[in-house]
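[1] Sequence and computational prediction follow.
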Amino acid sequence: MNLAEIATNLNCELDGNGELEISGVAPINQAKSGELTFLTNRKYHKSLKTTKASAIIVSQDFDSLAISTLRSKNPYLTFAKAIDLFYTQPKTSPGIHPTALISKHSSIGENAFIGPYVFIDEDVAIGNNTIIHPHVVIYRGVVIGNNFIAHSHVSVREESIIGNDVILQNGVVIGSDGYGFVKQDDGSYTKITQSGRVVLEDDVEVQANTTIDRAAVGETRILKGTKIDNLVQVGHGSKVGYNSLLCSQVGLAGSTEIGNNVILTGQVGVAGHCRIGDRVIATAQSGIPSDVEADSIVSGYPAIENRRWLKSSALFSKLPEISKSLKQLQRRVDKYLK
């Protein structure tokens, strides 16, 4: 496919040689001749001098470049769409593998692919165009919408409800028991029955080895369009709003409420019963022990306003000198007072 055709497909402005043949897409520091790359992060500006890519996607106001350029309002989104021009997803043909075990009391819609060693329990209802890869387990009473994709070793526990266009990556567990135990008079702990359920609304994606726990009563709910990364723990009774992002190793304790369009970056931890307002961003490894107002950017532990945290962090390395100066000043004051 030549660059002019790509520009038309991606609705980009072309600067340079439209006859260039492009064979694929690649990161700027790995691209070879004949490949298309992109640039959005300032960190990679120096790679412009060394990249072997034949063409690059940049923002509309980016400086002129020596290599052919596609200009876009949203370069990262354009690059994502460019991948689809060259990469074909592995396809499955409808059918049920003979080793799959499906209850006769469950229903599966049209055009389903059910792979080897899948288990689907009683009273399960699954919509059309389902793809269920090997070794997936779906417990009794689960309801799933259309266009569901479950990769190998996914487990969906009893009574969970899953909407349309949901993707569960390998090893995801939906509806595992919440962490509920109560101390008895003798000091030992007894388990609280986890009788609730998990609800995933439409267009949710949950990535590898993440767990979303069921509640003791009521529900744990993930709202429409939210994307959850690998190794995330969503505690029982939590609610995550629309179009939010939970990045790798985020942990939500029980009954946490996350607003809409929130971004919790890597290893953020949120204490139980906290409310995080809409459009909050928590930077990596922040610990959030209390409520956070909407439109805040927070950092550190305990999480505080991001600019205050940056100023505080800059002082940390100077604390020994500051302490030494204070001690010297104290000695001078004490000597003067004597």
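    The structure has been received and is ready for your questions.
[2] Quick check: the gap between residue 18 and residue 34.
    Distance from residue 18 to residue 34, counting by C-beta to C-beta, to the nearest Å: 15 Å. Heads up, the C-betas are built off the backbone N, CA and C, glycines and all.
[3] same check, this time on residue 263
    36 Å.
[4] For residue 148, list the residues it contacts.
    Contact analysis of residue 148 by C-beta atoms under 8 Å, 6 or more residues apart in numbering lists 126-127, 129-132, 162, 164-167.
[5] ranges for the helices of this protein?
    For the chain, applying DSSP state H gives helices covering 3-10, 75-86, 306-316, 319-337.
[6] Tell me which residues touch residue 141, please.
    121-124, 158-159.
[7] nearest spatial neighbour of it, skipping sequence neighbours?
    In this structure, residue 141 finds its nearest non-sequential neighbour in residue 159, 4.5 Å apart by C-beta to C-beta, 6 or more residues apart in numbering.
[8] so what's that neighbour up against?
    139-142, 175, 197.
[9] So which of the residues you listed wins on neighbours?
    residue 175 (28 neighbours; other C-beta atoms under 10 Å).
[10] what about residue 302, how many neighbours?
    The burial count assigned to residue 302 is 11, neighbours taken as other C-beta under 10 Å.
[11] Residue 100 now?
    Each residue near residue 100 was counted by other C-beta under 10 Å, and the total is 17.
[12] One more: the one 5 residues further on?
    If you count neighbours by other C-beta under 10 Å, residue 105 ends up with 11.
[13] Give me the local confidence score for the residue nearest to residue 322 when sequence neighbours are not counted.
    In space, and not counting its chain neighbours, residue 322 is closest to residue 315: 7.5 Å by C-beta to C-beta, 6+ apart. Note on residue 315: pLDDT of 85.
[14] Could you do residue 32 as well?
    pLDDT, residue 32: 95.
[15] Over to the one 5 residues further on?
    pLDDT, residue 37: 95.
[16] Thought residue 28 was touching it, still the case?
    Yes. Applying C-beta atoms under 8 Å, one finds residue 37 in contact with residue 28, separated by 4.5 Å.
[17] Need the overlap of contacts for the two.
    Common contact partners of residue 37 and residue 28 (C-beta under 8 Å, 6+ apart): 51, 53, 56.
[18] can you tell me which residues contact the first one?
    Spelled out, that is residue 51. By C-beta under 8 Å, 6+ apart, the residues touching residue 51 are 28-29, 31, 37, 67.
[19] So which of the residues you listed are in strands?
    Within the contacts of residue 51, residues falling in strands by DSSP state E are residue 37.
[20] neighbour-wise, which of the contacts of residue 51 leads?
    Counting by other C-beta under 10 Å, residue 37 has the largest number of neighbours within those, with 26 neighbours.
[21] if I look at it, how far off is residue 301?
    Remark: distance between residue 37 and residue 301 (C-beta to C-beta) = 38 Å.
[22] again with residue 150
    36 Å.
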